[in-house]
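**Student:** have a look; sequence and predicted model below, questions after that.
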Amino acid sequence: MRQTWRWFGPKDQVSPADMTQAGVEGVVSALHHIPTGTAWSGEEIAQRQAEIARHPDGRETGLAWEVVESIPVSEDIKRQSGEWRSHITAWQESLRNLAAAGIETVCYNFMPVLDWTRTDLAWPRPSGATCMRFDLIDFAAFDIHILARPGAAESFPEDVAEAAAVRAAEIDDDRKAALARNVVFGLPGAAETFTMKDVKAHLEAYSAISEEMLRGHLVDFLAEVAPVAEELGMRLCCHPDDPPFPLLGLPRVVSTEADYRAMVEAVDVPANGITLCSGSLGARADNDLPGMMDRLGDRVHFLHLRNVTRDADTLPCSFYEAEHLGGGTDMVALVAAALREETRRRAAGRADHQIPFRPDHGQNILDDHGRNAQPGYPAIGRLRGLAELRGVIAALSHERLGQSA
């Protein structure tokens, strides 16, 4: 398993120097400043590679850009509206330029409007750490009483809607504004940011898009881009919905094992693959992560290893970002399944036998509290997660256990 680390570019408060000290082997990055629907040029790709390869003083970092996360899939593509055909052409051009630069793995997602959703970006834990949390009552209060989406109350169980009304009445205007910011929080340096007006406009644009239609649009998108990736020797890996259940009345089509199986069977080429994110998928009690790795492992091109603790096993539910070896997912069993898949790939002679993974997210601990890094991406919290995962891999790969990484 290849140890990687996400880097958001020069504005990231966690630097390539930090990554080298953490023992990272490869970098996961993207060109967030380029507007969605625009092709990534060879020059822009080379610039990001250079930023990763060298420290500001010119010394080599020993790191390379190995995984893209993500080339954004535009809302036009997801809805098949507006400029969607030209956006697919630009996506294909980006693949060609990345392949020419030697980058073979591209993660993306197909979530409508919001890439991920949390209600608290720094939820305090008894240890003194902070983490990201999705509180179902807070989210319902936002949806029903702050965003005031028509029909929102009917999207939640009756007891949740009632609790949300109480919550909305209790919190002040500052907390309401902070909740709204958290829900629509974006990436540092991203070309687009959302206002509440923008969110409402996007929701209206999706009002006629059913789950079946969105799934069909995903298949249509893959039918255009996966053959290009296959020809280029690249691997595409779709990230699951986060959280993996419908929000804001929007459909979700990459939330379960059945969703992934339907996706890879609809466009059945090796390049059409999966980002198995144990945190996103782990927010559903009915997702068996080690089993998914065993059954779908042939198409798993990228792993996000993190853990969440759910407040309930019902859907939807509240959850928070736990320690990497805590939470509801048996991380040791999942890593063991990933190592078994690597063994199968070696036996089959696959060039991609080593699966890249990154310690996804992390709790803010120690000096993370003063660094002001991207929420979910602290330096020390992720280093702790990587160290724990590295230990699990080393133990499971030990020759006395008869297993090889």
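**Tutor:** Received it, and whenever you're ready, just let me know what you need.
**Student:** C-terminal to the helix or strand bottoming out on mean pLDDT in the chain, what's the next element?
**Tutor:** Least confident element among the helices and strands of the chain, by mean pLDDT, DSSP states H and E: helix 196-205 (a mean of 90). Sequence-wise, the next helix or strand downstream of helix 196-205 (DSSP states H and E) is helix 211-232.
**Student:** hang on, the earlier thing: packing partners of the least confident helix or strand of the chain?
**Tutor:** Secondary-structure packing of helix 196-205 (3 or more C-beta pairs under 8 Å, 6 or more residues apart in numbering; DSSP states H and E): helix 75-79. Glycine gets a C-beta too; all of them are placed from N, C-alpha and C.
**Student:** from the chain's centre, how far out does the helix it packs on sit?
**Tutor:** Mean C-alpha position of helix 75-79 versus that of the full chain (C-alpha atoms, centre = their mean, to the nearest Å) differs by 19 Å.
**Student:** which SSE is immediately downstream of it?
**Tutor:** Next element after helix 75-79 (DSSP H and E): helix 84-100.
**Student:** neighbouring contacts of the one helix or strand Asp159 maps to?
**Tutor:** Using DSSP H and E, Asp159 maps to helix 158-170. Helix 158-170 is contacted by residues 136-138, 140-141, 143-146, 153, 156, 176 when judged by C-beta atoms under 8 Å, 6 or more residues apart in numbering.
**Student:** check which element follows that helix along the chain.
**Tutor:** Following helix 158-170 toward the C-terminus (DSSP H and E): helix 173-183.
**Student:** who touches that next one?
**Tutor:** Under the contact criterion C-beta under 8 Å, 6+ apart, helix 173-183 has outside partners 114, 117-121, 138-139, 141-142, 146-147, 168, 171, 196.
**Student:** repeat that with 6 Å
**Tutor:** Defining contact as C-beta atoms under 6 Å, 6 or more residues apart in numbering, one finds that helix 173-183 is touched by 117-119, 121, 142, 146.
**Student:** repeat for stretch 340-359
**Tutor:** The set of residues external to stretch 340-359 that reach it, using C-beta under 6 Å, 6+ apart, is 1-2, 4-6, 28, 67, 297, 302-303, 305, 338, 382, 385-386, 389.
**Student:** narrow those residues to those in strands?
**Tutor:** Of those, the ones assigned to strands by DSSP state E are 2, 4-6, 28, 67, 302-303, 305.
**Student:** out of the residues you listed, which are buried?
**Tutor:** By neighbour count, with 16 or more other C-beta atoms under 10 Å, the ones in strands among the contacts of stretch 340-359 hold 2, 4-6, 28, 67, 302-303, 305 as buried.
**Student:** from those, which is closest to Asn109?
**Tutor:** Of all those, Asn109 sits closest to Phe302, with 11.9 Å by C-beta to C-beta.
**Student:** which ones are touching that closest one?
**Tutor:** 107, 237, 275, 356.
**Student:** in TSV: those residues, plus neighbour count, secondary structure and pLDDT.
**Tutor:** Below are the contacts of Phe302 laid out as TSV (neighbours: other C-beta atoms under 10 Å; DSSP: H, G, I helix; E, B strand; the rest coil; pLDDT from 0 to 100):
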residue	neighbour count	secondary structure	pLDDT
Cys107	26	strand	98
Cys237	27	strand	97
Thr275	27	strand	98
Pro356	22	strand	98
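**Student:** phi and psi next, for the spatially most central residue of the chain.
**Tutor:** Ranked by distance to the mean C-alpha position of the chain (C-alpha atoms, centre = their mean), the top residue is His239 at 5.5 Å. Note on His239: its backbone torsions stand at phi -80, psi 140 [degrees, to the nearest 10].
**Student:** beta-bridge partners for it, please?
**Tutor:** Asn109 (DSSP bridges).
**Student:** that one and Thr275 touch, don't they?
**Tutor:** Yes: using C-beta atoms under 6 Å, His239 is in contact with Thr275, at 4.3 Å.
**Student:** anything in contact with each of these two?
**Tutor:** With C-beta under 6 Å, 6+ apart as the test, His239 and Thr275 both reach Cys107.
**Student:** how near is Tyr108 to Pro246?
**Tutor:** 20 Å (C-beta to C-beta, to the nearest Å).
**Student:** repeat that for Pro157.
**Tutor:** The value you get for Pro157 to Pro246, if C-beta to C-beta is used, is 13 Å.
**Student:** these two: which is more packed in?
**Tutor:** A side-by-side neighbour count of Pro157 and Pro246, using other C-beta atoms under 10 Å, places Pro246 first with 17 against 13.
**Student:** which non-adjacent residue is nearest the more buried one?
**Tutor:** Spatial nearest neighbour of Pro246, excluding adjacent residues (C-beta to C-beta, 6 or more residues apart in numbering): Arg252 at 5.2 Å.
**Student:** for the one you found, phi and psi?
**Tutor:** Main-chain torsions, Arg252, degrees, to the nearest 10: phi -130, psi 140.
**Student:** I figured it hits Asp242, correct?
**Tutor:** No: counting by C-beta under 6 Å, Arg252 stays clear of Asp242, with 9.6 Å between them.
**Student:** what segments of the stretch 251-400 of the chain are helices?
**Tutor:** In the stretch 251-400 of the chain, the segments counted as helices under DSSP state H, counting those that start in this stretch are 257-266, 278-281, 289-296, 331-348, 368-371, 379-396.
**Student:** give me whichever of these is most buried.
**Tutor:** Greatest average neighbour count among the helices of the stretch 251-400 of the chain goes to helix 278-281 (a mean of 27), per mean count of other C-beta atoms under 10 Å.
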